[in-house]
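*Asks:* Next comes the sequence, and after it the predicted model I'd like to discuss.
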Amino acid sequence: MNKQEFLHELEKSLRGKVDDGELNRQIEYYSSYIRNEIHAGRTEEEVLEELGDPRLIARTIVQTYNMKDDPVRNEYKDTGSFDDERQGNENRNTLKSKISMYLVIAAIVIIIFAVFSLVFSVLRIIFPVIAMVILIMLIIRMVR
């Protein structure tokens, strides 16, 4: 088994059992671990043999992931590690989408006020003319 086969088997074993973020973190972790060990002078075969079966690793990851009171996860949450970083990114994306939505609403409100303002400005100019025409027509009718 080589690195790509190991990572593929790990991904296949995790898919559907953990969320995509966790799956990507685990694949990146093991990919990076293998790469670093090879750069440190070990062979790929040695590293993969040490790691063992990717399906067993996946089972352990899933069990840990599904634990309700996982002390490791709680520790990371308390110290501000990867869970906080992921949540921070989600909060930033949510904030960006909310800001975008508010900007669109503000633009629509400004356009509506501009249209009403324009309509009332035109009516303010035309109304006296229309009133005079109606008054003249009434006077002409009365005179006849």
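*Replies:* That came through fine.

*Asks:* need the next SSE after the helix-or-strand element of the chain with minimal mean pLDDT, C-terminal direction.
*Replies:* Lowest by mean pLDDT, DSSP states H and E among the helices and strands of the chain is helix 71-79, with a mean of 52. Once helix 71-79 ends, the next helix or strand along the chain (criterion: DSSP states H and E) is helix 82-143.

*Asks:* how close does the residue nearest to the spatial centre of the chain sit to residue 99?
*Replies:* Residue closest to the mean C-alpha point of the chain, counted by Cα atoms, centre = their mean, is residue 93 at 4.3 Å. Distance from residue 93 to residue 99, counting by Cβ to Cβ, to the nearest Å: 11 Å. C-beta: built from backbone N, CA, C; applies to glycine.

*Asks:* got any ranges where this protein has weak pLDDT?
*Replies:* Along the chain, the model assigns pLDDT under 70 to residues 68-90.

*Asks:* same thing but at 90, please
*Replies:* 1, 18, 62-102, 120-124, 127, 144 (pLDDT under 90).

*Asks:* hang on, residue 42 in a strand?
*Replies:* No - going by DSSP: H, G, I helix; E, B strand; the rest coil, the assignment for residue 42 is coil, not a strand.

*Asks:* what number of residues lie near it?
*Replies:* Using other Cβ atoms under 10 Å as the criterion, residue 42 is surrounded by 13 other residues.
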